[in-house]
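Asks: fold the following and give me the result.
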Amino acid sequence: MRRAISLVFLSHGLVAGSWSTRIPWIQEHLGLSATTLGLVLLATAGGSVVGLLAAGPLLARFGARNATAIFVPVYCLALGLPALSPSLPVLCLALACYGAAAGISNVAVNAEASGIEKAAGQPIMTRLHGMWSVGMLIGAGVGALAASLEIAAPLHLGAVAVLSASGAALAARSLPVRPHTAVQERRLGLPSRPVLAIGLVAFCSSFAESSVVNWSGIYVRDVTGADAVAMALAYVAFACTSALSRLGSVAVIVRLGIVKTVRAGALTGLAGGALVVFAPVTWVAALGFGLIGLGLATVVPQAFSAAADAAPTPGEGVSGVAMLTLFAGLGGPTLFGVIADAFSPRVSFLLVTGAVAAIALAAPVLRPRVSAPVPVRV
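Replies: Numbering: from 1, shown residues only. This next block holds a predicted model:
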C-alpha cells in the first residue's frame, strides 16, 4: 500500500511541475500581456479555494480512498485543459476547473495518506511529500526539455495528463480499504482551535517556502550580483535539499519524534535564513536557501498529518490546513515584494526568517494525538 500511495503522490507532483513550465507557451499562444496573465492565473487560486471548501464534505460522504481514486486522476486530466483553450474566457474556466480539482485532490490524497500512516505505525507522510517533490522536479525537467524542443503545449501536457492519470488510477486500486461510514460534515466556517494552531505553523512554513521559490533568484541577482546560472542554482539548492530531506525523514522522526524533528529543522532553517540575510556572496546565499529547504521540508507534511488526527474528520482537518497554506503561498510572495520595494530584499528575508523562528517556538502543536489503530484490509 505504501508503493501505491507513493505513486499517487508522484503522479500529483508530476502534474504540478509540468504545468509551471508551459505557462509562457500559453501566454504567447493567446497573446496575453503580463498583467492579463497575472489576473488570469487568479482563476486557479479561486478554483482551489472552491475545491478546498468542497473537499471536507466530499470526503465525509465518500471517504478519503474513494475521493483519492476519483479526484487525483481528474486533477491529472485537467492539466490538458488550459493548453487546449482557444480564448481568454475559456482559459479562465479551464484554470478554475484545474484549481478546483487540485484543491479537492490535495485534501483527499493527504487524508488517505494520514490513514495509511496510522495503519503503518510509521511517520511516512513526509516521505510521501518527498515523492511529490520528486514528481514535481521530473515534471519541471521534462517540461523544460519539451519547451526547448519547441513541442507544443497541448501535445506535451496532454501526454503527461494521460500518463499521470493512468498511473494514479492504477495505484488507487491498490490503496487499502478501510471501513467508512458517511458522517455529517460541519458547516463551512473557521477551522477548530487545534486545527487553526496547526494550520498557523503550516502557514509560516508555506510563507517562507513560497517566498524562496518566487524570490530566491531575484534576491541573489539584486543582493549579490548573481548571473542567470547562479540565479537558477539558488532555487535548485532549495528544491533538492527539500526533496532529499523529505525522502530521508522517517528514520529521523522515529528517533527524535515529530516535535523535536520539526524544531531542529526550524533551527536549521533559521541558520539558513541568517546566511541569506547577511550573505556577502552568492554561494553563501545558496547555502542558506539549501538549509531552509532542508529544515522546513517536514513541517507542512506533519501539519497535514496532525490536523487529520485533530479534527472530527480527516477531510476537515486537512482542508483547514490546506486553506491556510494556500493563502500563505498566494500572499507571501506579494508581501515579500512590497517590503523589498519599500525597504530592501534583505529586510524582506528578515521577515521570512522570523516566520521560521515562529515554527521552532510553536512546534509542540504538532505533537501526535493518541488514537486507536485503524483496521486495514489490503
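Asks: low pLDDT regions in the stretch 1-150 of the chain?
Replies: Using pLDDT under 70 as the threshold, the predicted model of the stretch 1-150 of the chain has low-confidence ranges 1.
Asks: helices of that one, start to end?
Replies: For the stretch 1-150 of the chain, helices defined by DSSP state H, counting those that start in this stretch occupy the ranges 2-21, 23-30, 34-62, 64-78, 81-84, 88-120, 125-148.
Asks: can I get those in TSV with distance to Pro176?
Replies: C-beta coordinates here come from the backbone N, C-alpha and C atoms, glycine included. Compiled in TSV, the helices of the stretch 1-150 of the chain are given as follows (distance: least, CB to CB, whole Å):
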stretch	distance to Pro176
helix 2-21	8
helix 23-30	37
helix 34-62	16
helix 64-78	7
helix 81-84	31
helix 88-120	6
helix 125-148	14
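Asks: the helices in the stretch 251-378 of the chain, which residues?
Replies: Under the criterion DSSP H, counting those that start in this stretch, the stretch 251-378 of the chain contains helices at 258-277, 282-296, 299-310, 314-342, 345-362.
Asks: who touches the first one?
Replies: When you say that, I think you mean helix 258-277. For helix 258-277, the external contacting residues (CB atoms under 8 Å, 6 or more residues apart in numbering) are 123, 201, 208, 219, 245, 249, 252-253, 256, 284-285, 287-292, 294-299, 302, 306, 346, 349-350, 352-353, 356-357, 359-360, 363-364, 366-368.
Asks: now, of these, which are buried?
Replies: 123, 201, 208, 219, 245, 249, 252-253, 285, 287-292, 294-299, 302, 306, 349-350, 352-353, 356, 359-360, 363, 366, 368 (16 or more other CB atoms under 10 Å).
Asks: how about the residue of the chain positioned farthest from its centre: what's its closest non-neighbour residue?
Replies: With distances taken as CA atoms, centre = their mean, the residue sitting farthest from the centre of the chain turns out to be Pro280, at 30.8 Å. Leaving out its chain neighbours, the residue that sits closest to Pro280 by CB to CB, 6 or more residues apart in numbering is Thr224, at 7.4 Å.
Asks: the one you found: what's it in contact with?
Replies: Residues touching Thr224, when contacts are defined by CB under 8 Å, 6+ apart, comprise Ala279, Pro280, Val281, Thr282, Val284, Ala285.
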